[in-house]
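Colleague: what follows is a predicted protein model with its sequence.
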4 protein chains.
Amino acid sequence: MPQTCLSIRRVLAIQVSVVGSGSEHEERAEAVGRLLAERGATVITGGRGEVMAAAARGAKSAGGTTIGILPTETRDGLNEWIDHVVVTGIGHARNLAVVASGDAVIAVGGRYGTLAEIGFALTLGRTVVVLEPGWEVEGTQRAQTPEEAVEFAFAAARHTPVT
Amino acid sequence: MPQTCLSIRRVLAIQVSVVGSGSEHEERAEAVGRLLAERGATVITGGRGEVMAAAARGAKSAGGTTIGILPTETRDGLNEWIDHVVVTGIGHARNLAVVASGDAVIAVGGRYGTLAEIGFALTLGRTVVVLEPGWEVEGTQRAQTPEEAVEFAFAAARHTPVT
Amino acid sequence: MPQTCLSIRRVLAIQVSVVGSGSEHEERAEAVGRLLAERGATVITGGRGEVMAAAARGAKSAGGTTIGILPTETRDGLNEWIDHVVVTGIGHARNLAVVASGDAVIAVGGRYGTLAEIGFALTLGRTVVVLEPGWEVEGTQRAQTPEEAVEFAFAAARHTPVT
Amino acid sequence: MPQTCLSIRRVLAIQVSVVGSGSEHEERAEAVGRLLAERGATVITGGRGEVMAAAARGAKSAGGTTIGILPTETRDGLNEWIDHVVVTGIGHARNLAVVASGDAVIAVGGRYGTLAEIGFALTLGRTVVVLEPGWEVEGTQRAQTPEEAVEFAFAAARHTPVT
């Protein structure tokens, strides 16, 4: 009887990057993180405070996995809901790594650093979902609620997975 | 008679970064480069084609100096109007270096890479002048003509020099 | 009775970066990965082939967790034993992130990229354990066996944790 | 009569990167910078003190041109012999840009950051000349004097120009 040799490529969990800032957006960011984790996505963030911390906190509240990609050379400033920390040492250029690491990107609030992340994500062909209100950039998808943002991100991750 | 010892700090030329893309914007980018060089500024660009090449070409037509900051590990794709080439090897993250190196930044046209550059420049506190039409981002200055863009860039470089 | 409020900082797993290259070193790299995972460390690598793949494979064989930090803008070239992938887009500069992310670094074989990683790790004050034979660099610790390399890495991670 | 169409590619000056550190090496670094400038090379350095400053000072004493590629987000720490400053904002990862920008690299003294630069330069196929005494790395050329180091660098730049 011939042996069936199966080459099983282990499937990575879907990874969704959550970017943004602004303490007024933390509640919605936490909901985004929680919903992502409930559906099995790993949450990627910049590893620091406000929106980044809230998204990671939400993910952990649902038993999810979180990655924090820091700009610094040490772990200083890392929020406490990060499971795995990547210390890049490259300053704001780490924003490129944050968005490139996601199958899709969700932006919650945010200032100029977030704008750079949106620009990079669209440059790389990643789907960017902006949770309203937020930066209005042509080429982004607009979501009214955390649920909708997560739904769009998963749809994008399935249809145009990063390879 | 006491000797007066003067510590003369050599003054760098003003450096202005010109960012953007789109062949339809080349003529205005060339004017921007030429005007910057006529006023003694060194022109910093990403070193490649379209707006980047046009700005460097304009600067060279006025006898100026040009720096090209490439994303690649080689000089492949460098336009022919660059005097000094910086080969970064860091891909799109070189956009950070392009805008950080300017006392001010002028955006001419541009797509998502330019948006990332605007985001980074504003994050770092650099003045960003957008030559109309262009990305509409809160916090940028709007110029109607190449002359006005260059005027705004010089005013910013004088009032808030990078240190 | 006064309420005791404990602020419990969640403790990250120890993270150890394994760097190197050369197919002749894969067996020992796999042992290093396995031993790290058996002791609960997360294994950080550059995410690609040879030593990087072997270390991750070893870690997965022991049920461990693996992070791959890629130089590219996509997941192309990612080995199949990576749980969480960080796509940096910054080329060889990602070597800095690989070593900065570890509480300690173990080098197994390796060529010039590994030398850069050793240089960066020592610049940042990370302990570097070189599994013999390997680059001879002043300031590194030398291990004769995978067991010894892992022992040294854990000792370093405990005594001089990255903060 | 057939029209002769000449495609004249403007020729960049040869660029040589000088890396290293250590105040005891400044005199020799200054000689290297001077000799490079006398032969028309542009001197690329990391823009800061000790060997970097000395090489730039030497180049300026011979009327040469100097580029400083800083790790920071500002010009803070820039030495006063730099003509054109590139502010990268990417920390130690700027070492990659320093060596990638040279047709050849000369190392004078140096510690672990220099080792990372040697590793990156060799990874990219750049010729690395180590002025004795210095890091002993297989694949580097060894020079006994500044004259010899510069001679080797020019020979390499001519035979294997960066393209």
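Modeller: Structure's in. What do you need? Quick caveat, the model's predicted, so the values are computed rather than measured.

Colleague: hey, let's count contacts and neighbours off CA atoms from now on
Modeller: Noted.

Colleague: what helices or strands is the helix or strand where A:V16 lies leaning on?
Modeller: Element membership of A:V16 [criterion: DSSP states H and E] is strand A:15-21. For strand A:15-21, the elements it packs on are helix A:26-38, strand A:42-45, helix A:51-61, strand A:104-109, helix A:112-123, judged by 3 or more CA pairs under 8 Å, 6 or more residues apart in numbering or on different chains; DSSP states H and E.

Colleague: that strand pairs with which strands?
Modeller: Strand A:15-21 has its sheet partners listed here by DSSP bridges as strand A:42-45 (parallel), strand A:104-109 (parallel).

Colleague: next, the angle helix A:51-61 makes with the longest one.
Modeller: With axes from the mean of the first three to the mean of the last three CA atoms, to 10 degrees applied, the angle from strand A:104-109 to helix A:51-61 works out at 120 degrees.

Colleague: what's the average pLDDT for strand A:104-109?
Modeller: Average pLDDT, strand A:104-109: 98.

Colleague: what angle do helix A:26-38 and it make with each other?
Modeller: Orientation of strand A:104-109 against helix A:26-38 (the same axes, to 10 degrees) gives an angle of 160 degrees.

Colleague: angle of strand A:104-109 against helix A:112-123?
Modeller: Using the same axes, to 10 degrees: strand A:104-109 against helix A:112-123 is 160 degrees.

Colleague: show me what strand A:104-109 is in contact with.
Modeller: A:15-22, A:25, A:28-29, A:51, A:99, A:114, A:118, A:121, A:126-135, A:149-150, A:153-154, A:156-157 (CA atoms under 8 Å, 6 or more residues apart in numbering or on different chains).

Colleague: and A:G109, how far from A:L78?
Modeller: Distance, A:G109 to A:L78, using CA to CA, to the nearest Å: 20 Å.

Colleague: residues of chain A that sit close to chain B?
Modeller: A:92-93, A:96, A:112-120, A:122-123 (CA under 8 Å from any CA of the partner chain).

Colleague: so can I have a markdown table of these showing neighbour count and pLDDT?
Modeller: Output for the residues of chain A next to chain B, formatted as a markdown table (neighbours: other CA atoms under 10 Å in any protein chain shown; pLDDT from 0 to 100):
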| residue | neighbour count | pLDDT |
| --- | --- | --- |
| A:H92 | 24 | 98 |
| A:A93 | 29 | 98 |
| A:L96 | 25 | 98 |
| A:Y112 | 24 | 98 |
| A:G113 | 23 | 98 |
| A:T114 | 24 | 98 |
| A:L115 | 28 | 98 |
| A:A116 | 30 | 98 |
| A:E117 | 32 | 98 |
| A:I118 | 34 | 98 |
| A:G119 | 26 | 98 |
| A:F120 | 27 | 98 |
| A:L122 | 24 | 98 |
| A:T123 | 17 | 98 |
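
Colleague: find the residue closest to the residue of chain A found nearest chain B in space, skipping its chain neighbours.
Modeller: Residue of chain A nearest chain B, by CA to the nearest CA: A:A116 (3.8 Å). Distances taken as CA to CA, 6 or more residues apart in numbering or on different chains put B:A116 closest to A:A116, at 3.8 Å, once the chain neighbours are dropped.

Colleague: which bits of chain A sit near chain D?
Modeller: Contacts of chain A with chain D, taken as CA under 8 Å from any CA, map to A:89-93.

Colleague: filter those by proximity to chain C?
Modeller: Applying CA under 8 Å from any CA to these, those adjacent to chain C are A:G89.

Colleague: can you give me the neighbour number for A:Q144?
Modeller: Other residues within reach of A:Q144 by the criterion other CA atoms under 10 Å in any protein chain shown amount to 11.

Colleague: and the worst-scoring helix or strand of chain A on mean pLDDT, what's buried?
Modeller: Within chain A, no helix or strand scores below helix A:146-159, which has a mean of 95 by mean pLDDT, DSSP states H and E. Using 16 or more other CA atoms under 10 Å in any protein chain shown as the test for burial, helix A:146-159 gives A:146-147, A:149-154, A:156-157.

Colleague: what is the end-to-end distance of stretch A:115-131?
Modeller: Using CA to CA, the end-to-end distance of stretch A:115-131 comes to 14 Å.

Colleague: I would like the residues contacting that stretch, please.
Modeller: Here stretch A:115-131 makes contact (CA under 8 Å, 6+ apart) with A:19, A:95-96, A:98-100, A:102-109, A:135-136, A:139-146, A:149, A:152-153, A:156, A:162, B:92, B:112-120, C:73.

Colleague: go again with 7 Å.
Modeller: Stretch A:115-131 has contacts (CA atoms under 7 Å, 6 or more residues apart in numbering or on different chains) with A:95-96, A:99-100, A:103-108, A:140-146, A:149, A:152-153, A:156, B:112-113, B:115-117, B:119-120.

Colleague: relative to chain D, which residue of chain A is the closest?
Modeller: Per CA to the nearest CA, A:I90 is where chain A lies closest to chain D, at 3.9 Å.

Colleague: can you report how many residues neighbour that residue?
Modeller: A:I90: 27 surrounding residues under other CA under 10 Å.

Colleague: equivalent analysis for A:R48, please.
Modeller: Using other CA under 10 Å, the number of residues around A:R48 comes to 23.

Colleague: Provide the secondary structure category for it.
Modeller: coil (DSSP: H, G, I helix; E, B strand; the rest coil).

Colleague: C:V105 versus that one, what's the distance?
Modeller: Distance, A:R48 to C:V105, by CA to CA: 24 Å.

Colleague: cool, A:G58 as well?
Modeller: Distance, A:G58 to C:V105, by CA to CA: 32 Å.

Colleague: also A:S61?
Modeller: Where C:V105 is concerned, A:S61 sits at a distance of 32 Å (CA to CA).

Colleague: hang on, the earlier thing: now the two most distant members of the buried residues of helix A:146-159.
Modeller: A:P146 and A:A157 (16.4 Å; CA to CA).

Colleague: closest to D:G40 out of the residues of chain A next to chain D?
Modeller: Among the residues of chain A next to chain D, A:I90 lies closest to D:G40 (CA to CA), at 33.1 Å.

Colleague: let me see the backbone angles for the nearest residue to the closest one once chain neighbours are set aside.
Modeller: The shortest distance from A:I90 to any non-neighbouring residue, by CA to CA, 6+ apart, is to D:I90 (3.9 Å). Per-residue torsions, D:I90: phi -110, psi 20 (degrees, to the nearest 10).

Colleague: residues contacting D:I90?
Modeller: Under the criterion of CA under 7 Å, 6+ apart, the neighbours of D:I90 are A:89-91, A:93, D:71-72.

Colleague: output the set of residues of chain A in proximity to chain C.
Modeller: By CA under 7 Å from any CA of the partner chain, the residues of chain A that approach chain C are A:9-10, A:12, A:73-76, A:80, A:83, A:85-89, A:96-97, A:100-101, A:162-163.
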